[in-house]
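Enquirer: Coordinates for the following, if possible.
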Amino acid sequence: MAAMPSSSAVRALGLEYRSLQEEPVEGFCVKLINDDNLFEWEVAIYGPPDTLYQGGYFKAHMKFPMDYPYSPPSVRFLTKVWHPNVYENGDLCISILHPPVDDPQSGELPCERWNPTQNVRTVLLSVISLLNEPNTYSPANVDASVMYRRFKDSKGVDKEYENIIRKQVSLSRSEAERDGVVVPLTQEDYCIKTKVKPDMENVDMADFYDDDYDIDDDDDEEYSDTANDIYDGDDSGNGES
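Expert: Sure thing, here's the model as predicted:
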């Protein structure tokens, strides 16, 4: 029997998804793969201007665990990405998505790993930063890591890594055209101006969840009582504490 999502996971994801739709963040956009499933998202990441990835359109899937935000989501690129921290199958390897366990061999501190104060925004902004500044100390793709180091050590004279990235960016633009997406190319277009936050006082989030998820009565009652409190106490809706 499949595990049922916790009410806190449904609540957290619902709040985050609504927030990202109403207050988009520069560099990426999100949508549900299936409107009835809050636990699988499709993400489009735009390559930052003034980097090798400028103009790129990189699609990925985010899958959330049933106990989110206490456990991290996973990210798998659908678009081909040649990068030291992306496995050949598209799985992303980044500290923020690793459980906060003590693992001296990894070279990561627990504070660099996932914790429940993280959210989709912090994850995807970390991914965008990682695109242009790979971690080559524990690479997922050793060949890409070696190639990137040659590129950096030669101060761009060795073009092998750059040429692969630019080719992938070019191919990704074709996919953006098929999806009807205009990829931002300048800093002005890339940055999103802050909009006035919507009035959240009258939102009944219980209606948003109950149609699609069979949460037990106790959890549902607890959720109904606390949903408005969450909005009143934190109108950012991003789940951070």
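Enquirer: In space, what's closest to the spatially most central residue of the chain - neighbours in sequence excluded?
Expert: Geometric centre of the chain, nearest residue: Leu124, 3.5 Å, by Cα atoms, centre = their mean. Excluding its sequence neighbours, the residue lying closest to Leu124 (Cβ to Cβ, 6 or more residues apart in numbering) is Phe28, at 4.8 Å. All C-beta spots, glycine's among them, are computed from the backbone N, C-alpha and C.
Enquirer: Next one: the one you found from Trp41, what distance?
Expert: Distance of Phe28 to Trp41, given as Cβ to Cβ, to the nearest Å: 11 Å.
Enquirer: okay, those two: which has more neighbours?
Expert: Between Phe28 and Trp41, Trp41 has the larger neighbour count (other Cβ atoms under 10 Å), namely 23 against 20.
Enquirer: That one touches Ile33, doesn't it?
Expert: Yes: counting by Cβ atoms under 8 Å, Ile33 is a contact partner of Trp41 at 6.6 Å.
Enquirer: Name the residues contacting each of these two.
Expert: Shared contacts of Trp41 and Ile33, defined by Cβ atoms under 8 Å, 6 or more residues apart in numbering, are found at His61.
Enquirer: got the contact list for the biggest helix by length in the chain?
Expert: Counting residues, the longest helix in the chain under DSSP state H turns out to be helix 160-178. With Cβ under 8 Å, 6+ apart as the test, helix 160-178 has contacts from 47, 52-59, 79-82, 144, 147-148, 150-151, 156, 182-183.
Enquirer: Please flag which of the residues you listed sit within strands.
Expert: Residues from the contacts of helix 160-178 lying in strands, with DSSP state E as the criterion: 57-59.
Enquirer: top of these by neighbour count?
Expert: Greatest neighbour count in the ones in strands among the contacts of helix 160-178, by other Cβ under 10 Å, goes to Phe58: 26 neighbours.
Enquirer: Pairing partners for it in the sheet, please.
Expert: Residues in a beta bridge with Phe58, per DSSP bridges, are Ile45.
Enquirer: And the one 5 residues further on, by the same measure?
Expert: Bridge pairing for Lys63 (DSSP bridges) gives the partners Glu40, Ser74.
Enquirer: Report pLDDT for the residue lying farthest from the centre of the chain.
Expert: Each residue of the chain has a distance to the centre, and by Cα atoms, centre = their mean the biggest one is for Val157: 32.4 Å. pLDDT for Val157: 95.
Enquirer: Now do the phi/psi pair for it.
Expert: Dihedral pair for Val157: phi -70, psi -40, per degrees, to the nearest 10.
Enquirer: how far away is it from Phe151?
Expert: Taking Cβ to Cβ, one finds Val157 at 9 Å from Phe151.
Enquirer: do the same with Asn141
Expert: Asn141 sits 14 Å away from Phe151, going by Cβ to Cβ.
Enquirer: now swap in Tyr137 and tell me
Expert: 17 Å.
Enquirer: the more surrounded of the two?
Expert: Comparing Tyr137 with Phe151 by other Cβ under 10 Å, the one with more neighbours is Phe151, at 20 against 10.
Enquirer: wait, isn't that one in contact with Ser145?
Expert: No: in this structure, Phe151 is not within contact of Ser145 by Cβ under 8 Å, at 10.6 Å.
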